[in-house]
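# missing the sequence, but the structure's below:
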């Protein structure tokens, strides 16, 4: 039996890091885990080698549909399928429907999102037309192909967000002649940070979790910073971090977003230590966490860390609207980096500690966690065992 994930990736660092605990668990328990990467089917580029620290995680890069089809004929396959339903992926979904493949999807990462803000409010007419064609029209085609039994349903969708689970459950429990995208909708716990390999040296650093001021998603939505804006942003951020470092007498660590330009950040914030793909480690070892807009902050919430939200008009309307989701759900202490803050240390720490009491209430309202359900690792192990016996 082959256990793996179908994906479309040029670079694997970010993907692997996001679900590192899951991939490590599956590769250890079942000896081999495959990433079946369709990127080079759609992009005729030279295959880039990527070596994981674990030899039993294998990347298979088929160069064409025939190579992929031949691989899928090999054995029974248990497959994680979180591929989008873009038009270019429909052929891949079709191939998977013709084989002895058990498919699952999961949504276990805590992410705040708003459909209207992210896909409509900050888009121009061209982008809106593209969005309708790319996301809406392709979804209609995908659903029709499922109804016609040209595409198979995905066997199970695991969901960690309560609102999403309720919405799917209500829809899927309705009697209908149409085949839906998923056969079953089940609960899973929110993803916890991987802690076993980290030394528990708590409260050592002031940690800024970067979200990349030049993130492609920001640029798509009209947030194009000119050189002066960039200089101002880094000046204000650096000034704020230096002052906080002096106040608490603790070192600043910057956890860079995977897409951030290391040279740019080194040039502007070179006085601070900065790392990629070590965010959970430094979150666990943090005294205070600082952020603009990142789902990584949920690790800090789960670990009951003191958190300050940083805002700036320089970042643009879209980025600040996104950030409002966090401050509206949990009333984080919020500092504007463009303003000089005369910080009362004792009062700040007291406010940050008082906020910790709200975390469990917030998590329990929005997500399955603690004893609500099982982790995605345990759920998949249970399902793989059943599938292997068939």
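Arrived safely. As the structure is a prediction and not an experimental result, all values here were calculated from the model.
# Check what pLDDT residue 289 gets.
If you check residue 289, the pLDDT there is 96.
# can you tell me which residues contact it?
Shown in contact with residue 289 (Cβ atoms under 8 Å, 6 or more residues apart in numbering): 207, 208, 209, 283, 297, 300, 305, 306, 307, 308. All C-beta atoms are positioned from the backbone trio N, CA, C, and that covers glycine.
# Could you verify that the last one is part of a strand?
In this case it means residue 308. Yes - according to DSSP: H, G, I helix; E, B strand; the rest coil, residue 308 belongs to a strand.
# still on that earlier bit, make a PyMOL selection of the buried ones in the contacts of residue 289.
Selecting only the buried entries of the contacts of residue 289 in PyMOL, with 16 or more other Cβ atoms under 10 Å as the criterion:
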select buried, resi 207+208+209+283+297+300+305+306+307+308
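# Out of the contacts of residue 289, flag the one nearest to residue 107.
Nearest to residue 107 among these: residue 297, at 17.8 Å, using Cβ to Cβ.
# quick one: residue 154 from residue 23, how far?
20 Å (Cβ to Cβ, to the nearest Å).
# which residues are in contact with stretch 334-344?
236-237, 239-240, 243-244, 247, 308-314, 327.
# err, stretch 375-386, not the other one
The contact list for stretch 375-386 (Cβ under 8 Å, 6+ apart) reads 1, 3, 21-22, 25-26, 29-30, 78, 80, 102, 104, 106, 108, 156, 158, 186, 188-189, 191-192, 373-374.
# Could you dump the contacts of residue 289 into CSV with distance to residue 323 and pLDDT added?
Shown next, in CSV, are those (distance: Cβ to Cβ, whole Å; pLDDT from 0 to 100):
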residue, distance to residue 323, pLDDT
207, 17, 97
208, 14, 97
209, 12, 96
283, 18, 91
297, 10, 88
300, 15, 89
305, 18, 93
306, 18, 95
307, 12, 95
308, 12, 95
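# out of the contacts of residue 289, which are inside helices?
Of those, the ones assigned to helices by DSSP state H are 283, 297, 300.
# can you redo the residues you listed as CSV with distance to residue 13?
Conversion of the ones in helices among the contacts of residue 289 to CSV gives the following (distance: Cβ to Cβ, whole Å):
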residue, distance to residue 13
283, 18
297, 20
300, 21
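# Check residue 122 and give its pLDDT.
So, for residue 122, pLDDT stands at 60.
# Return the subset of the contacts of stretch 334-344 lying in strands.
Among those, the members found in strands (DSSP state E) are 308, 309, 310, 311.
# Could I have the buried ones of the residues you listed as ChimeraX selection syntax?
Only the buried entries of the ones in strands among the contacts of stretch 334-344 go into this ChimeraX selection, using 16+ other Cβ under 10 Å:
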select :308,309,310,311
